[in-house]
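K.L.:
got a structure for you, letters missing:
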């Protein structure tokens, strides 16, 4: 699964929708249902993947599916946090 497909699935799971309805440009400001609770659930999945808490400055940039995909790709390359 590509990082983009993975990000779409993570967001779709948090929003309880079909991943096919989530595009790379979907974001917290323009996607129905992507509220603070959904965002926390998305961040929890990403923290689990990263192996630990995400820095606040990182979370502040994870506001679109594309940004989440880039993050997933970076942890796949760099590995989970120690």
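P.N.:
Thanks, I have it. Note that the structure is a prediction, hence the values are computed from the model and not measured.
K.L.:
just the helices in this structure please.
P.N.:
In the chain, the segments counted as helices under DSSP state H are 3-15, 36-50, 56-59, 65-78.
K.L.:
looking at these, which is buried most?
P.N.:
When those are scored by mean count of other CB atoms under 10 Å, the highest mean neighbour count falls to helix 3-15 (a mean of 20). In this view, the C-beta of every residue, glycine as well, is placed from N, C-alpha and C.
K.L.:
follow-up on the earlier one: turn the helices of the chain into CSV, including distance to residue 26.
P.N.:
CSV is the format used below for the helices of the chain (distance: least, CB to CB, whole Å):
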stretch, distance to residue 26
helix 3-15, 7
helix 36-50, 11
helix 56-59, 17
helix 65-78, 5
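K.L.:
and these: which comes nearest residue 25?
P.N.:
Of all the helices of the chain, helix 65-78 sits nearest to residue 25, with 6.7 Å by CB to CB.
K.L.:
packing partners of that closest one?
P.N.:
helix 3-15, helix 36-50 (3 or more CB pairs under 8 Å, 6 or more residues apart in numbering; DSSP states H and E).
K.L.:
mean confidence for that helix?
P.N.:
For helix 65-78, the mean pLDDT works out to 91.
K.L.:
and the angle from it to helix 36-50?
P.N.:
Interaxial angle of helix 65-78 relative to helix 36-50 (axes from the mean of the first three to the mean of the last three CA atoms, to 10 degrees): 20 degrees.
K.L.:
chain center to helix 65-78: distance?
P.N.:
9 Å (CA atoms, centre = their mean, to the nearest Å).
K.L.:
now do stretch 46-56
P.N.:
The answer for stretch 46-56 is 11 Å, by CA atoms, centre = their mean.
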